[in-house]
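[1] Any chance you can model this:
(chains A and B)
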Amino acid sequence: MDETGIAAEINALVVGMVGMFFLTLVIVLFVVVYQRKLLRQERRHQADEEAHRLELLQATIESQEVERDRIGRELHDGVGVMLSTTRLYVRHWQEEDEKGREAASQKIDQLLGETVESVRRVSADLRPVVLETLGLAEAIADLAHQLEETGELAVSFKATYDHPLAQKDELNIYRVVQELLTNTIRHAKASEARLEMSSLPHRFFLSYQDNGKGLPENGKARKGLGLKNMENRVNALNGQFTIESPPEGGILVNIEIEKI
Amino acid sequence: MSDEELFYRVLVFIPIGLMAGCVVFGISRYSKLEGNQKLLVFLAGIALLTEIISIVLLENGVNTYPLFHIYAPIEYAIIVLIFANSVFEASEKKGLIISVLIVFVYGIANSIFWQSIKEPNTNITTVTSLLITSISIYSLFRILSTMKYSRVETSSFFWVVVGMLIYFPTSFMLFAYSNWLKPIDPQDSINVWVVHVIFNTIHYLCFNIALWMKPE
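    Numbers count the residues shown, from 1 in each chain, chains lettered A, B, ... in the order given. This is a model prediction of the structure:
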């Protein structure tokens, strides 16, 4: 090959090598820019998760305060008042003659009975006896039965509960069901609710559906204290809590827990 | 000697200077370097030693090709060790180690059967250039997928990969063309070798930057 041909080939090789160099620069620049983008996305995701975690934590603290406030008021306005009244009647009994004492004794007995009943109610609220003695399925069935008796809500409940959860986990699920039923009565204006629960050796599943107003139309409404609390309780059990509006209306809540 | 040849001879000393810079800088802050950076210092040291011996041998009219027959597989082994110590998973590390064994075996076979130690070992340099290019590109992908570094441009490994990608693809192109397509007469191809040395210079500049970076 003549010199011109050789020179052309050499030049082509040089151009090829320089082209390869610029291609490398493009690849490297792409990696730097793309990595920054991925990092920004990851940080945004972490910030969202942190914000959500803080929201749930705040909801827990708030609900604890609300519960303490309610119990405090019930003890003060209910038990406290009855015990004070009982004390007045005991003083009255000390001052009265025999005839007056009989009337006072009856009143004292009635007041003490109401006090015991009030304390029992507060105690049951704090720690449901049916749950402790008969387990989650029976406790929910009892809750459903109580609501049916009031006539406010028709509740159907099906359970396959051959592999029970731990007691403290049962309490969390019970509170979630309580909250769901309370929300249905107070906000959803529903007439029916359906509960299904199943517990397998490695998985627990609970489904709740009502025929009420459902979620707001934008789908992702700002979660109230109650919903956040429920989500918090299920998260504490390493479970998943989902809520949606089915086509037939109302809400559908699914809780899935993988047992360790 | 033509002006281009003189220019080339002067230019060759720049990457050698940068190799020396790597070694001196690396030794001065050796205790503060992470594992990969220490390996880089070692690699630069081996390369510098090879270049110095090569210059001495050339000055005395001795054939330097046997030196590069030995150097090429060793260079590949150290580079693979640098990669294996970074973003690769255990199974991938095994693959890298196997490739080193294959290169050593191929290097010995090449020296015995195809290109004697008195000839340039372009077969080995072509293959190792291709392998290093492939591993470097895959490393960039792994850097993105593992998100190991908060800012990739401040990690020493990134600069090592950039240096590899600037030098070895062009090196592969040069040796593949010369080896498998058409041999290049050094007299006619000074421009090519000047470009090759420029990329080698940038290659060692990136290594120096890699040594500057604080370990993550």
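[2] going forward, measure contacts and count neighbours with C-alpha atoms only.
    Noted.
[3] What residue in the stretch 151-260 of chain A comes nearest to chain B?
    residue A:238 (26.2 Å; C-alpha to the nearest C-alpha).
[4] Next up, the contacts around that residue.
    Residues counted as contacts of residue A:238 (C-alpha atoms under 8 Å, 6 or more residues apart in numbering or on different chains) are A:257, A:258.
[5] Phi and psi next, for it.
    Here is the backbone geometry of residue A:238 (degrees, to the nearest 10): phi 60, psi 40.
[6] Grab the nearest non-local neighbour of residue A:132.
    Closest residue to residue A:132 apart from its sequence neighbours, by C-alpha to C-alpha, 6 or more residues apart in numbering or on different chains: residue A:167 at 7.6 Å.
[7] ok, then the element right after whichever strand or helix holds residue A:195?
    Here residue A:195 is covered by strand A:192-199, with elements defined by DSSP states H and E. As assigned by DSSP H and E, the chain's next helix or strand after strand A:192-199 is strand A:203-210.
[8] pull the CA atoms of that next one into PDB?
    Provided in PDB are the C-alpha atoms of strand A:203-210 (Å, rounded to 0.1, in the frame of the first residue of the first chain):
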ATOM      1  CA  ARG A 203     -49.800 -16.200  58.600                       C
ATOM      2  CA  PHE A 204     -52.600 -14.200  60.100                       C
ATOM      3  CA  PHE A 205     -55.200 -12.500  58.000                       C
ATOM      4  CA  LEU A 206     -58.100 -10.300  58.800                       C
ATOM      5  CA  SER A 207     -60.600  -8.600  56.500                       C
ATOM      6  CA  TYR A 208     -63.100  -5.900  57.400                       C
ATOM      7  CA  GLN A 209     -65.800  -4.500  55.100                       C
ATOM      8  CA  ASP A 210     -68.700  -2.200  55.700                       C
END
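[9] Give the pairing partners of that strand; include direction for each.
    With DSSP bridges as the test, strand A:203-210 is paired with strand A:192-199 (antiparallel), strand A:252-258 (antiparallel).
[10] Now tabulate the ones you listed in JSON lines and tack on mean neighbour count.
    Listed next are the strands paired with strand A:203-210 as JSON lines, based on neighbours: other C-alpha atoms under 10 Å in any protein chain shown:
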{"stretch": "strand A:192-199", "mean neighbour count": "18"}
{"stretch": "strand A:252-258", "mean neighbour count": "18"}
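[11] Save those as CSV, and put in mean pLDDT too.
    Shown next, in CSV, are the strands paired with strand A:203-210 (pLDDT from 0 to 100):
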stretch, mean pLDDT
strand A:192-199, 93
strand A:252-258, 93
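[12] Residue A:77: neighbouring residues, count only.
    11 (other C-alpha atoms under 10 Å in any protein chain shown).
[13] any idea how far residue B:115 lies from chain A?
    24 Å (C-alpha to the nearest C-alpha, to the nearest Å).
[14] can you give me phi and psi for the residue nearest to that residue when sequence neighbours are not counted?
    Nearest non-adjacent residue to residue B:115, counting by C-alpha to C-alpha, 6+ apart: residue B:121, 6.2 Å away. The phi/psi pair for residue B:121 (degrees, to the nearest 10) reads phi -90, psi 60.
[15] Make sure residue B:121 is actually in contact with residue B:65.
    Yes: counting by C-alpha atoms under 8 Å, residue B:121 does reach residue B:65; the two are 7.4 Å apart.
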